[in-house]
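Trainee: give me the fold of what follows.
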Amino acid sequence: MLGTRQRLSSFPVPLGIQTANSSVPISDHITTLGVTLDSYLTLNSHVSSVCKSSFYSIKALRHIRPVLTCDMARAVAASLTQTCLDFANSVLLGTSSSNINKLQRVQNCLARVVLLDQSSPATSLLLQLHWLPVPKRIEFKIATLTYQSLTFGQPKYLSSLIKPYQPNRSLRSVSQNLLSVPRCK
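Mentor: A predicted model of the protein is given here:
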């Protein structure tokens, strides 16, 4: 069952669902395609699992970092940790700032390990590595998906949802390639 805390509190919580003469217990979270969804859709458990696996990889990289060149450390960091941070990060659009801050701390820690620099500000380290901060990475992923949907019509399930903005009368905004925002409740 998915919904806000207030909405879910108004429903009686079943112990399980009966199907084929067996009871399937209700869980407060589910992992599907690598994304952990909780019943309130806060993505807190997903962010926690991403941080846990990322810090495990960072710890392993920290142990071998003295024998690696900077380019090798960058490649290992990109393959082990940055892929975890980037995987399905488009679902994090609109999540809480505390979740974004947790992921940003992971990326900052990774940059410090790669560059062997514990004293410089994290923003300068990210700039030196040419890495976008986590919120910008999420925006970039959404922008890339939108561009591919508009230009190539792929993936079909997204391209059918994206509609260009067409005002009722002649406006200056017509030439800005805006998209219409669908109405939803």
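Trainee: list phi and psi for the spatially most central residue of the chain.
Mentor: In the chain, the C-alpha nearest the mean C-alpha coordinate belongs to Asn89, at 2.0 Å (C-alpha atoms, centre = their mean). Dihedral pair for Asn89: phi -70, psi -10, per degrees, to the nearest 10.
Trainee: was I right to think it contacts Glu139?
Mentor: No. Counting by C-beta atoms under 8 Å, Asn89 does not reach Glu139; the two are 9.9 Å apart. (C-beta placed from N, C-alpha, C; glycine too.)
Trainee: what about Ile17, helix or strand, and which?
Mentor: strand 16-19 (DSSP states H and E).
Trainee: right, I mislabeled it, should have said Val114
Mentor: Going by DSSP H and E, Val114 is part of helix 97-115.
Trainee: what's the longest helix along the chain in contact with?
Mentor: In terms of residue count, the longest helix belonging to the chain (DSSP state H) is helix 44-64. Residues from elsewhere that reach helix 44-64 (C-beta atoms under 8 Å, 6 or more residues apart in numbering): 29, 35-38, 73, 76-77, 80-81, 84-85, 91-92, 95-96, 99, 102-103, 105-106, 109-110, 113-114.
Trainee: domains of this structure?
Mentor: 1-41, 43-158 (automatic domain parsing).
Trainee: could you report the neighbour count for the spatially closest residue to Gln148 that is not a sequence neighbour?
Mentor: Leaving aside its chain neighbours, Gln148 sits nearest to Gln154 (5.7 Å; criterion: C-beta to C-beta, 6 or more residues apart in numbering). Other residues within reach of Gln154 by the criterion other C-beta atoms under 10 Å amount to 11.
Trainee: again, but for the one 4 residues further on
Mentor: If you count neighbours by other C-beta under 10 Å, Leu158 ends up with 14.
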